[in-house]
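Undergrad: Using only what follows, build the 3D model:
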Amino acid sequence: MATYSIKDIEKMSGIKAHTIRMWERRFGLVIPKRTDTNIRYYSDEDLRNILNISILNQNGLKISKIAKLNKEDLREKVANLLDKPDIYSHVIDALLFSMLELDENSFNNSFNNALKEYGFEKLIENIMFPFLERIGILWQTDTIKPAQEHFIVNLLRQKIILKIQKEITSNGQGEDKIIFFLPEGELHEVGLLFYSYIARQQGYEVIYLGASVPVEDLKEVERVTNAKAFFSSYVGPSEKAQLENMFINLRETFPEKPFYVTGYQIREHSPEMPNNFHVITSSSDFRACLLELYKAN
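TA: This is a model prediction of the structure:
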C-alpha cells in the first residue's frame, strides 16, 4: 500500500495543505494515520476520498453536507456527477482518479463523455495536455509510480492512434511530406501523435519516426524522403541551453528546412530559436503554419 505525506496529497489533489487540515479538524474528514514519531501520512484510500470530496465541493456541495455522507454515498454522487457530459473543469480530477486506480473503464467513461461535449481536438488540447503536464510533475516529484503514468499514457496513445486509423483513409499524396520525431532521450509521444493527426487531416504525408531519434537517422530519412519539414515535441526534463544547442545543431544540419516545435519545455524555458524554427501552441496555429508551408512550395 502506498503512503503519502500531506504535501504529496496537496500536489495530487490541488487542495492546499491547510484546507485539508481544516477539513480534518472541523468535520472529521480524512483523518490521517501517524508514524511512531507523530508524522501524519495518508493511504491510497485517503487520497481517493480527498479527490472525491474536492469534486463534490467544487460543484457546489458544502463541506458540512459532504461530511455526513458515508463512503458509498460519496462515491455514488461523484460517479453520477462525472457521468454528465457538461462537466469540464473536473475531468482532469476524474482522469487522475482513473490513473491511481489503474481503472481503464473509468478512463474511458471520462474520455468519452468529454469527447461528446467538446470534440476530439478540444479534449486533447484543453484537457489531456494539461493532465499530462500535471502527472509529469507528479512523476518527477516521486508522488506517483512510473507504472501509473505509463498506464494512462498508453491508453491515450491508443485513443489517438484509433482516431487516425478511423478518420484518415490515406497518408497524403505526392511531395508534401513532414517528418515527425522526438529527439534522443525524449519518449513522450502523445503531442507528436496528435499533431501528426492534424498534418494528415491537412493532406500531408506523415513520416512518423516516434521516440528518441538520433540526428544521423534524421539525415538519412530526409535524404530518402525529401520531406518538406520536421515536427518535434519537447516534454521531458531539459535545460534551456541544452534545447538551444540542439536547435542550433538541427539548423546547421538542415539549413533549408522548417522545424515546428512544441511541448512543455518550450513553454517553460522560451529558448532562443533559429529563424527556421516555429513554436506551435495549438492545432489552429499548426494549420496556419501548414498553409504557409503549402504556399511556399
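Undergrad: Do you have the helices of the stretch 101-250 of the chain handy? List them.
TA: Taking DSSP state H, counting those that start in this stretch as the test, the helices found in the stretch 101-250 of the chain are 104-118, 120-122, 129-140, 146-167, 190-201, 215-225, 240-253.
Undergrad: need the strands for this protein, in chain order.
TA: Read by DSSP state E, the chain holds these strands, from start to end of the chain: 3-4, 33-34, 40-43, 177-183, 205-213, 229-233, 259-262, 277-279.
Undergrad: Any regions of the stretch 151-297 of the chain where pLDDT drops low?
TA: Flagging of the stretch 151-297 of the chain using pLDDT under 70 yields the residue ranges 170-175.
Undergrad: about what we covered before: what's the most buried one of the strands of the chain?
TA: When you average the neighbours per residue for each of the strands of the chain (mean count of other Cβ atoms under 10 Å), strand 229-233 leads with a mean of 26. (Each C-beta comes from the backbone N, C-alpha and C, glycine too.)
Undergrad: What strands flank it, and is each parallel or antiparallel?
TA: strand 177-183 (parallel), strand 259-262 (parallel) (DSSP bridges).
Undergrad: I figured Phe231 hits Leu192, correct?
TA: Yes: contact between Phe231 and Leu192 holds when scored by Cβ atoms under 8 Å: they sit 7.2 Å apart.
Undergrad: what touches both of these two?
TA: Shared contacts of Phe231 and Leu192, defined by Cβ atoms under 8 Å, 6 or more residues apart in numbering, are found at 180-181.
Undergrad: got the contact list for Phe254?
TA: Phe254 makes contact with 218, 222, 230, 276, according to Cβ under 8 Å, 6+ apart.
Undergrad: Can you add distance to Ala67 and give those back as JSON lines?
TA: Formatted as JSON lines, the contacts of Phe254 follow (distance: Cβ to Cβ, whole Å):
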{"residue": "Leu218", "distance to Ala67": "58"}
{"residue": "Glu222", "distance to Ala67": "62"}
{"residue": "Phe230", "distance to Ala67": "55"}
{"residue": "Asn276", "distance to Ala67": "59"}
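Undergrad: any idea how the chain splits into domains?
TA: Dividing the chain into domains by automatic domain parsing, as the record does, gives the ranges 1-82, 89-167, 169-296.
Undergrad: Quick check, central residue of this protein?
TA: The C-alpha lying nearest the average C-alpha coordinate of the chain belongs to Leu132 (Cα atoms, centre = their mean; 2.3 Å).
Undergrad: which residues touch the closest residue to that one other than its chain neighbours?
TA: For Leu132, the nearest residue in space outside its immediate sequence neighbours is Val190; the separation is 6.1 Å by Cβ to Cβ, 6 or more residues apart in numbering. Residues in contact with Val190 (Cβ under 8 Å, 6+ apart) are 128-129, 132, 153, 156-157, 160.
Undergrad: How about Gln202?
TA: Taking Cβ under 8 Å, 6+ apart as the criterion, Gln202 is in contact with 287, 290.
Undergrad: Make TSV from the strands of the chain and add distance to Ser270 to it.
TA: Listed next are the strands of the chain as TSV, based on distance: least, Cβ to Cβ, whole Å:
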stretch	distance to Ser270
strand 3-4	33
strand 33-34	44
strand 40-43	37
strand 177-183	18
strand 205-213	24
strand 229-233	16
strand 259-262	12
strand 277-279	9
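Undergrad: Test for you: state the pLDDT assigned to Leu81.
TA: pLDDT, the model's per-residue confidence, is 68 for Leu81.
Undergrad: ditto for the one 3 residues further on
TA: The predicted local confidence for Lys84 comes out at a pLDDT of 55.
Undergrad: Could you do Ala67 as well?
TA: We note a pLDDT of 89 for Ala67 in this prediction.
Undergrad: What of Lys62?
TA: Looking at Lys62, its pLDDT reads 88.
Undergrad: follow-up on the earlier one: of the strands of the chain, which is nearest Trp139?
TA: Counting by Cβ to Cβ, Trp139 lies closest to strand 3-4 out of the strands of the chain; the figure is 14.3 Å.
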